[in-house]
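>>> One predicted model, sequence on top.
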Amino acid sequence: VKKIAVLTSGGDSQGMNAAVRAVVRSGLYHGLEVFAVQRGYAGLINDDIREMDLRSVGDIIQRGGTILQTARCKEFMTPEGQQLGADNLRKRGIDGLVVIGGDGSYQGANKLSKLGIKTMGLPGTIDNDIPFTDLTIGFDTAVSIVVDAINKIRDTMSSHERSSVVEVMGRHCGDIALYAGLASGAETILVPEVPFDLDEIASRMSENFALGKRHSIVIVAEGVGKGEDIAKGITDRNGIEPRVTVLGHIQRGGAPTHNDRILASNLGDFAVRKLIEGESGKGVGIIKGELVLTDIDKVVNSKKEFNMDLYELAKRLSQ
Ligand code: F6P
């Protein structure tokens, strides 16, 4: 490849800018011409494409959001939309594309690869729900934000001997709840991957308060349901009225952690080097510290394995 483009797609996540910077700077370092597509696949269809230089990605490594903006684009799901996108790249001589995003974004990259554009998918989502990578870009920052929020909530719960239900994001994946729950010492972690019994949770909560526990934090992954409903279920069973906090988009904003910046830098540079080597239709990831490539077909048709060991550990330590 001689000319490549980069876009961000789907929900934004912290570290996307660091990944854009890595793709642009690594491409230029290797003598490529590098372009950016604005607003994800919508920009590909609308021909919103511009050439990047070294300075165009200055002062962004520390910023949340994405300077390229992002969109969820229905038109690109049609064969005509995909063809138009590929034509807009090709008319500039662009034959490589790095897509930074989640599951849906990978599907688009896969389609373009079948139309002859060499594509690479970079896992950019707070959800950590992409298989064949231990981590996605933004997950570490999102977990830190949730842990910080729970630390604050816990202060008040302890002062007043009260209980709280905290609803976190993650779509169908419980990783944000699991990692943040373990790291903040939440008493109960509810994730879509593991069935739970509200009767048991409610009676354990009353017993714990009776035995002198000063607070009770229940963290609920949104894939399980609404925090409000869980809180009501608890009240119906034991009379305790937990306060509900829905953290929402706070989890997706703000400066990325150094871990996310380093991950984004590594994955962005790796994707460019692999495009230069002629690879296409691949997702990049990191497994046990090693950079890996996996067929996008395989990535989009697999499900990320839930870390049961970590879940059991959190349970053992939360008594
Ligand atoms: O995929 C990231 C994510 O924040 C999910 O955790 C959440 O379910 C979804 O996006 C929310 O989407 P939106 O910001 O469009 O409401």
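All right, it came through fine.
>>> Pull out the buried positions in stretch 247-265.
247, 251-254, 256-257, 259-261, 263-265 (16 or more other CB atoms under 10 Å). Every residue, glycine included, has its C-beta placed from N, CA and C.
>>> Of those residues, which ones also sit close to the ligand?
R252 (CB under 6 Å from any ligand atom).
>>> So which of the buried residues of stretch 247-265 belong to helices?
Cross-referencing the buried residues of stretch 247-265 against helices under DSSP state H gives 259-261, 263-265.
>>> returning to that earlier point: wait, which of the buried residues of stretch 247-265 is closest to the ligand?
Proximity of the buried residues of stretch 247-265 to the ligand was ranked by CB to the nearest ligand atom; the top entry is R252 with 5.4 Å.
>>> so what's that closest one up against?
11-14, 64, 126, 138, 142, 169 (CB atoms under 8 Å, 6 or more residues apart in numbering).
>>> how about the residue in the stretch 1-150 of the chain positioned nearest to the ligand, what does it touch?
Taking CB to the nearest ligand atom, the ligand has its nearest neighbour within the stretch 1-150 of the chain at G11, 3.5 Å off. Taking CB under 8 Å, 6+ apart, we find G11 in contact with 70, 101-102, 125-126, 252.
>>> Same question for R171.
By CB under 8 Å, 6+ apart, the neighbours of R171 are 127, 129, 222-223.
>>> Look at it and tell me its secondary structure.
The three-state label given to R171 by DSSP: H, G, I helix; E, B strand; the rest coil is coil.
>>> any idea how far it lies from K304?
11 Å (CB to CB, to the nearest Å).
>>> list residues touching both of the two?
D129.
>>> who in the stretch 101-250 of the chain is up against the ligand?
Residues of the stretch 101-250 of the chain lying near the ligand (CB under 6 Å from any ligand atom): 102, 125-127, 169-171, 222.
>>> how about those in CSV, adding pLDDT and distance to I4?
Formatted as CSV, these follow (pLDDT from 0 to 100; distance: CB to CB, whole Å):
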residue, pLDDT, distance to I4
G102, 93, 21
T125, 97, 22
I126, 98, 26
D127, 98, 26
M169, 98, 31
G170, 98, 31
R171, 97, 29
E222, 98, 35
